[in-house]
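Undergrad: Build the 3D model from these lines:
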Amino acid sequence: MSLSIVILAAGQGKRMNSDLPKVLQPLAGRPLLGHVLDCAHRLAPSSTYVVYGHGGEQVRAAFPDASIQWVLQAEQKGTGHALLQAIPAIPDDDLVLVLYGDVPLIHSDTLTQLIAQAGTRSLALLSVILSNPVGYGRVLRDNAHHVYRIVEQKEATRKEQGVQECNTGVMVAPAGALKRWLSGIKNNNTQEEYYLTDIVAVAVRDGFTVHALVAPTEAEVLGVNDKRQLAALESAYRQSQATALMSAGVTIIDPTRIDVRGEVSVGRDVTLDVNVVLEGQVQLGHRVIVGAGCLLKNVTIGDDTVLRPYSVLEQATVGAHCVVGPYARLRPGTTLADHAHVGNFVEIKNSTLGAGSKANHLSYVGDATVGQDVNIGAGTITCNYDGANKWPTTIEDGAFIGSGTMLVAPITVGKNATIAAGSTITQSTPPDQLTVERSEQKSLSHWRRPTKATEEVRAARIAKGGPVTKKKPSDA
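TA: Purely as a prediction, here's the structure:
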């Protein structure tokens, strides 16, 4: 049987107190619905439907994937009504998996087990054991432990409210049967809503077997209704990602202080210090050390490289045996070859540093190609922007750039050239030579530093538009 997935994502989320639709609230840097769609994609369904409502166009715009089939629920009349909007388009012989746009941490492995329990004459639902089940529908079983009904919290008797096995809302059923069941459910309840859970009792009456698979963890099936619950799931997600990394051999100094907001691949003996943030696609080679407070987004880091504390790397590639930081910034388009060093308060953008090259202090390198074994002195700036256009700088192998140098692009610094400290270079320099550009240094023996004027003198000079400091006789 083919699999169709329907994701119910029409809720407003009033308790979020936010202008952002609930399913677009961020978890680990991605919308809640994005996590659910990723999980659905891993199951390789024949079709995926998203039932949307509040903030509809905003939700659709956030997910331009053409493979998603969007279904509008103009009025929110409960989960049964929501599924009813999508079910007519699904072939009768498909299995239908129902997911929720605000239940982001569900695992595809769990869903694979659930799908295996459903068939032409069986319905499978996902349940969870909660120590505090208040607010959840209860899964009711008979003396033979067979599921015969789900009752919502507000409709449950006192005895039923004592049941700790709860319904998650996630279920799998044959589409043809779902169509019959949904057309017959009523809204004669306190909320006047069409509950999807009502089909369980109908399925039992039709002679279907109802299987309930208990979720392995509570966090996997928790939904989000307010910012406190969102923060709790963020914490659960952090913990699960840290556990996965440690299982892969990573040393994490404090697993409660790491954020993984993407896909991370690691070599052996990687070490992550506290408050490291990993976003997007991050690849860490063998024996990489990431210092405290570093932010890595869409980067590849080579073997034996050290990222010292509080460095920010985005869309950058760093070779093996490099040292970066502390407080360095590698912006998009940066590539460091093996054994390159980038030190404190150095910013590099859209540039390449060759093997063994160093920029260790307080420099900006933009739109530059830097060769091998180049030394870039403290305070060097590649002046790459003229207010309208970006211009390239080329620094060839073995060049030495003195401290405080301005390299006004476009220029080329020749191989093994030396630029004297404090120079402003506006033309390309020859190889193997020292280039100096400095104004004449002067000392004025009769000059005296200004002193503070009295209030009377200040008032008089302000009135005349002159300087307010008092001149000494030698200034005249």
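Undergrad: How about residues contacting the top helix by length along the chain?
TA: Assignment by DSSP state H gives helix 227-247 as the longest helix of the chain. For helix 227-247, contacts defined as C-beta atoms under 8 Å, 6 or more residues apart in numbering pick out 16-17, 25, 27-28, 104-105, 219, 222-224, 252, 255-256, 258-260, 264, 266, 272. For the C-beta atoms, the positions are set from N, CA and C on the backbone; glycine is no exception.
Undergrad: Just the buried subset of those residues, written out for ChimeraX, thanks.
TA: Selection of buried members from these for ChimeraX, criterion 16 or more other C-beta atoms under 10 Å:
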select :16,25,27,28,104,105,219,222,223,224,252,255,258,259,260,264,266,272
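Undergrad: which residues touch stretch 29-46?
TA: If you take C-beta under 8 Å, 6+ apart as the criterion, stretch 29-46 is touched by 2-5, 7, 9, 22-28, 48, 50, 59, 62-63, 65, 68, 94, 97, 99-108, 111-112, 115, 224, 261-262, 279.
Undergrad: so how far is the helix or strand harbouring Ile199 from its chain's centroid?
TA: Secondary structure from DSSP states H and E places Ile199 in helix 199-205. Helix 199-205 sits 42 Å away from the centroid of its parent chain (C-alpha atoms, centre = their mean, to the nearest Å).
Undergrad: For it, the averaged confidence score.
TA: For helix 199-205, mean pLDDT rounds to 92.
Undergrad: which parts of it are buried?
TA: Residues of helix 199-205 classed as buried: Ile199, Val200, Ala201, Val202, Ala203, Val204 (neighbour count, 16+ other C-beta under 10 Å).
Undergrad: Is it possible to get those residues out as CSV so that each row also shows distance to Thr426?
TA: Listed next are those as CSV, based on distance: C-beta to C-beta, whole Å:
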residue, distance to Thr426
Ile199, 78
Val200, 79
Ala201, 84
Val202, 83
Ala203, 81
Val204, 85
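Undergrad: rewinding a little: in strands, which of the contacts of stretch 29-46 appear?
TA: Among the contacts of stretch 29-46, the subset assigned to strands under DSSP state E consists of 3-5, 7, 9, 26-27, 48, 50, 68, 97, 99-100, 261-262, 279.
Undergrad: of those residues, buried ones?
TA: For the ones in strands among the contacts of stretch 29-46, buried by 16+ other C-beta under 10 Å: 3-5, 7, 9, 27, 48, 50, 68, 97, 99-100, 261-262, 279.
Undergrad: Could you count how many residues lie near Gln76?
TA: For Gln76, the neighbour count with other C-beta atoms under 10 Å is 15.
Undergrad: That one touches Gly11, doesn't it?
TA: Yes - applying C-beta atoms under 8 Å, one finds Gln76 in contact with Gly11, separated by 6.9 Å.
Undergrad: shared neighbours of those two, which are they?
TA: Common neighbours of Gln76 and Gly11 (criterion: C-beta under 8 Å, 6+ apart): Gly53, His54.
Undergrad: on that earlier part again, ok, the following helix or strand past the helix holding Ile199: who's next to it in the sheet?
TA: Sequence-wise, the next helix or strand downstream of helix 199-205 (DSSP H and E) is strand 209-214. The strands that strand 209-214 pairs with in its sheet are strand 122-129 (parallel) (by DSSP bridges).
Undergrad: how about the strand it pairs with: buried residues?
TA: Going by neighbour count (16+ other C-beta under 10 Å), the buried part of strand 122-129 is Ser122, Leu123, Ala124, Leu125, Leu126, Ser127, Val128.
Undergrad: That strand to strand 95-100, inter-axis angle?
TA: Strand 122-129 and strand 95-100 meet at an angle of 30 degrees, taking axes from the mean of the first three to the mean of the last three C-alpha atoms, to 10 degrees as the criterion.
Undergrad: Contacts for the following helix or strand past strand 122-129 next, please.
TA: Note on strand 122-129: by DSSP H and E, the next helix or strand toward the C-terminus is strand 138-141. In this structure, residues lying in contact with strand 138-141 by C-beta under 8 Å, 6+ apart are 125, 127, 147-151, 153, 156, 160-161, 163, 165-167, 212.
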